[in-house]
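**Student:** my questions concern the predicted model and sequence given below.
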There are 2 protein chains.
Amino acid sequence: MTESILQQPNDYAISLFLKRLLIRSALTGEEQRAILSLTGETQRFGTHFDIVLPGHTVEGACLVAKGLVARYDQMLDGQRQITSFYIPGDMCDLHSVVAPKASWSITAVSPVTIVRVPHRQLIDRCIHYPGIAIGFWRDGTADASVFAKWVGNLGRKNAKARIAHVMCEMGMRNEAAGLGERTSYELPTTQEQLGEATGMTTVHVNRSLQEIRREGLLNFRSGRVEIHDWDALTHIAEFDPSYLMLDGPPHRVAPIAA
Amino acid sequence: MTESILQQPNDYAISLFLKRLLIRSALTGEEQRAILSLTGETQRFGTHFDIVLPGHTVEGACLVAKGLVARYDQMLDGQRQITSFYIPGDMCDLHSVVAPKASWSITAVSPVTIVRVPHRQLIDRCIHYPGIAIGFWRDGTADASVFAKWVGNLGRKNAKARIAHVMCEMGMRNEAAGLGERTSYELPTTQEQLGEATGMTTVHVNRSLQEIRREGLLNFRSGRVEIHDWDALTHIAEFDPSYLMLDGPPHRVAPIAA
DNA sequence: CGAGGGGTTGATCTCCTTCAACGGAGGTGG
DNA sequence: CCACCTCCGTTGAAGGAGATCAACCCCTCG
């Protein structure tokens, strides 16, 4: 539950963010420099700390620099449903620029480092560079696409498939972010948190994981995922990565002017 | 499975769309005129017609003019999961402007009329009016917020609560759109389609609906919802409308310049 | 009048939850 | 250096929400 606020270099996180944007959006040199000139306050939070809570009106977006962050929704009886995970380089509530009042929570799944980038700066970049506004919108669309896919998972798949799908998704995203391989990456969650993401109880997560492990598909221990049979895992998960919008050339809605 | 393409007046649909945007975003007079100058091809589709399929790269966004549209995801065994409904005035795949390649399907839940607005025009408006780009992004964020809420519903709520939540959501949205009252509106779906939205079988939708009806909360018959006890329904659904972003004054990220 | 789509009902099954307990690893204080 | 505590993973037994399978009904429409 620690929260310390430090001013310190955060260029690295910003450059990760730019790299993330460039996966999906082609930006001009000038636009790229406009992104790199963003600044923000570096903040550290311990596991389980709620960075944003419903009803909060925030003035800056949370760029994940280190650790694992999740957006979640809480029921009246205290049950939680994680709606997505965010890894370093993700601006986990970029949409707060246009919708600053949260109706969701953002929490530190593991100890995390956040760079809080003022909306003022992000808005400024959007106004001056339509290509940036559209790039932000595009990344928001990718985020929405993940939510939509999770709706399908929770609505129509069984326990093993749900877990497998999350593992495939996080693998692809980590690989695209340069943070590991799709078959080998850090996922610093407990089985309980994995249950909060897949809509199941800890007990059933545990049994399902065992079954998946027994089949030789996957090993998940102490915050690390090792996938032994990617093809088989994607098969039981019915995983098709196209929804992540990580492939194909970066988009540009209009030709890049010289 | 009919698909007829007609050129005909669609000003009405465009004005509905503008009205929808103005709920969440303050636009200048010039920006509003830029929206109203949008044009598109009017198309009609029969029930169950798939307007967009995964893999399609579309060149125009679908503005719903009449009827009920859904976005859904299909599993390999044929099971479907609807991820959201769209009512007249909704541009159901506005995000296709920035992500033209679909990884989802869009289908006609009832007989529908669509106005297909070319991306070219929408992009043009975004480039010339940053306020419009940001407004589009904001509406996309609201759409994502609905997905996220559905993740919570499917992951953590029981059958009655899931159905009740959809009914509350569609009531609020219809009311905000001027298409009925929150307690009385058209929802032209079958129980099967309602099951596809709530992640349950037709049989169980039927039994749950009966129970809700027996409790005097709601009547759903022949495509029409009549809610008799709004407070009780929102209570069992744990429905809090803030995620719909329909309240509060329209946003503007920078003062409207004269 | 027959066909088909949508709604309804009953019986049975099963996946996942619930409840309760235990074990191991790591951290902390006496 | 050991005792203790807490967090996380694991296991067992029992119960329940919803799925599955199979009818049947009613209404509409050709």
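**Tutor:** Received, thanks. Numbering: from 1, shown residues only, chains lettered A, B, ... in the order given.
**Student:** so what's the backbone phi/psi at the spatially most central residue of chain A?
**Tutor:** By C-alpha atoms, centre = their mean, chain A has its centre lying nearest to residue A:86, at 2.2 Å. Dihedral angles of residue A:86 (phi, psi; degrees, to the nearest 10) stand at phi -130, psi 130.
**Student:** again, but for residue A:112
**Tutor:** When read as degrees, to the nearest 10, the backbone of residue A:112 gives phi -130, psi 160.
**Student:** what about it, neighbour count?
**Tutor:** Using other C-beta atoms under 10 Å in any protein chain shown, residue A:112 has 25 other residues around it. All C-beta spots, glycine's among them, are computed from the backbone N, C-alpha and C.
**Student:** count of residues packed around the closest residue to it other than its chain neighbours?
**Tutor:** Spatial nearest neighbour of residue A:112, chain neighbours left out: residue A:67 (3.2 Å); criterion: C-beta to C-beta, 6 or more residues apart in numbering or on different chains. Counted with other C-beta under 10 Å, the neighbours of residue A:67 add up to 21.
**Student:** how much space separates residue A:67 from residue A:118?
**Tutor:** Distance of residue A:67 to residue A:118, computed by C-beta to C-beta, to the nearest Å: 21 Å.
**Student:** cool, and residue A:174?
**Tutor:** In terms of C-beta to C-beta, residue A:174 sits 28 Å off from residue A:118.
**Student:** more neighbours: these two, which one.
**Tutor:** Neighbour comparison, residue A:174 and residue A:118: the larger count goes to residue A:174, with 20 against 17 (by other C-beta under 10 Å).
**Student:** next helix or strand past the helix or strand where that one lies?
**Tutor:** Here residue A:174 sits within helix A:159-176, counting by DSSP states H and E. Next in sequence after helix A:159-176, counting helices and strands by DSSP H and E, comes strand A:184-186.
**Student:** mind giving me the packing neighbours of the helix holding residue A:174?
**Tutor:** Contact partners of helix A:159-176 among helices and strands, from 3 or more C-beta pairs under 8 Å, 6 or more residues apart in numbering or on different chains; DSSP states H and E: helix A:130-156, strand A:184-186, helix A:191-198, helix A:202-214, strand A:218-221, strand A:224-227, helix A:230-237.
**Student:** format the ones you listed as CSV; extra columns: mean neighbour count.
**Tutor:** Below are the helices and strands packed on helix A:159-176 laid out as CSV (neighbours: other C-beta atoms under 10 Å in any protein chain shown):
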stretch, mean neighbour count
helix A:130-156, 25
strand A:184-186, 18
helix A:191-198, 23
helix A:202-214, 15
strand A:218-221, 16
strand A:224-227, 18
helix A:230-237, 18
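**Student:** between those, which gets nearest to residue A:45?
**Tutor:** Each of those was scored for nearness to residue A:45 using C-beta to C-beta, and the closest is helix A:191-198 (15.1 Å).
**Student:** pLDDT at the nearest residue to residue A:99 once chain neighbours are set aside, what is it?
**Tutor:** Of all residues not flanking residue A:99 in the chain, residue B:141 sits nearest, at 4.9 Å (C-beta to C-beta, 6+ apart). As predicted, residue B:141 sits at a pLDDT of 98.
**Student:** from residue A:96, how far out is residue B:141?
**Tutor:** Between residue B:141 and residue A:96 the computed distance is 9 Å (C-beta to C-beta).
**Student:** closest residue of the stretch 1-150 of chain A to DNA strand C?
**Tutor:** Of all residues in the stretch 1-150 of chain A, residue A:79 sits closest to DNA strand C, at 8.0 Å by C-beta to the nearest atom of the strand.
**Student:** ok, that residue to DNA strand D distance?
**Tutor:** Separation of residue A:79 from DNA strand D (C-beta to the nearest atom of the strand, to the nearest Å) stands at 13 Å.
**Student:** and for the residue nearest to residue A:208 when sequence neighbours are not counted, the neighbour number?
**Tutor:** In space, residue A:208 comes closest to residue A:159 once its chain neighbours are excluded; the distance is 4.3 Å by C-beta to C-beta, 6+ apart. Residues within reach of residue A:159, counting by other C-beta under 10 Å, total 19.
**Student:** ok, now which ones touch residue A:159?
**Tutor:** For residue A:159, the contact set (C-beta atoms under 8 Å, 6 or more residues apart in numbering or on different chains) comprises A:198, A:200, A:204-205, A:208.
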